[in-house]
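>>> structure of the sequence below:
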Amino acid sequence: MATERRIARIESRIRQIVAELFLRDLKDPRMKGLITITRVKVARDLGHARVFYSFLGTSRQKSTVDKFIASAQPFVQRAVADEIDLRVAPIVEFTYDDSIEKQSAVSKLIDEAMKGVKPARKKASDEEE
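Model prediction:
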């Protein structure tokens, strides 16, 4: 089993490789929006790497992105295997990361709740001073 420090280094390297691929090599004219590689989680046995991504765009564009990423998976797998210095390259799997959407929804709820709160009035004793 790999140490946590080694796993963290491998996760960081895979994230860098995949992000560069999406930025430089994986271009598709149908892609309208921004794909972000948010994090990578590698199994302790280094056999699997789950790449989390987020996408800013409409739900229709998200389905196009999902298909695009599924079709790009073998290319990404080969690139990671070529670039990473391991005896056996981990199997790369993609997972949509909806944490940004959840954070946005919570932020909107907080903003709405704060609009309903009235500011505290000063007490009469505070006004005299």
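
>>> could you give the mean pLDDT of the longest helix anywhere in the chain?
The longest helix of the chain (DSSP state H) is helix 59-83. Here helix 59-83 scores 89 as its mean pLDDT.

>>> contacts for the helix or strand following it, please.
The C-terminal neighbour of helix 59-83 among helices and strands, as given by DSSP states H and E, is strand 91-96. Outside of strand 91-96, the residues that reach it under the criterion Cβ atoms under 8 Å, 6 or more residues apart in numbering are 14, 18, 47-55, 62, 66, 69-70, 73, 76-77, 80. C-betas here are computed from N, CA, C, even on glycine.

>>> what residues does the most centrally placed residue in the chain make contact with?
Residue closest to the average C-alpha location in the chain (Cα atoms, centre = their mean): residue 38, at 2.5 Å. Each residue near residue 38 by Cβ under 8 Å, 6+ apart is listed here: 52-54, 97, 99-100.

>>> what's stretch 70-86 in contact with?
Applying Cβ under 8 Å, 6+ apart, the contact partners of stretch 70-86 are 10, 13-14, 17-18, 21, 25-26, 46, 49, 51, 89-94.

>>> of the residues you listed, grab the buried ones for PyMOL.
Only the buried entries of those go into this PyMOL selection, using 16 or more other Cβ atoms under 10 Å:
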select buried, resi 10+13+14+17+18+21+26+46+49+51+89+90+92+94
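
>>> hang on, residue 100 packs against residue 54?
Yes - contact criterion Cβ atoms under 8 Å: residue 100 and residue 54 qualify, at 5.0 Å.

>>> just want to know which of these two has more residues nearby.
Neighbours were counted for residue 100 and for residue 54 using other Cβ atoms under 10 Å; residue 54 has more, 18 against 13.

>>> so the more buried one sits in a helix?
No - looking at residue 54 with DSSP: H, G, I helix; E, B strand; the rest coil, it is strand, so not inside a helix.

>>> residues contacting it?
Residue 54 makes contacts with 35-36, 38, 96-101, as judged by Cβ under 8 Å, 6+ apart.
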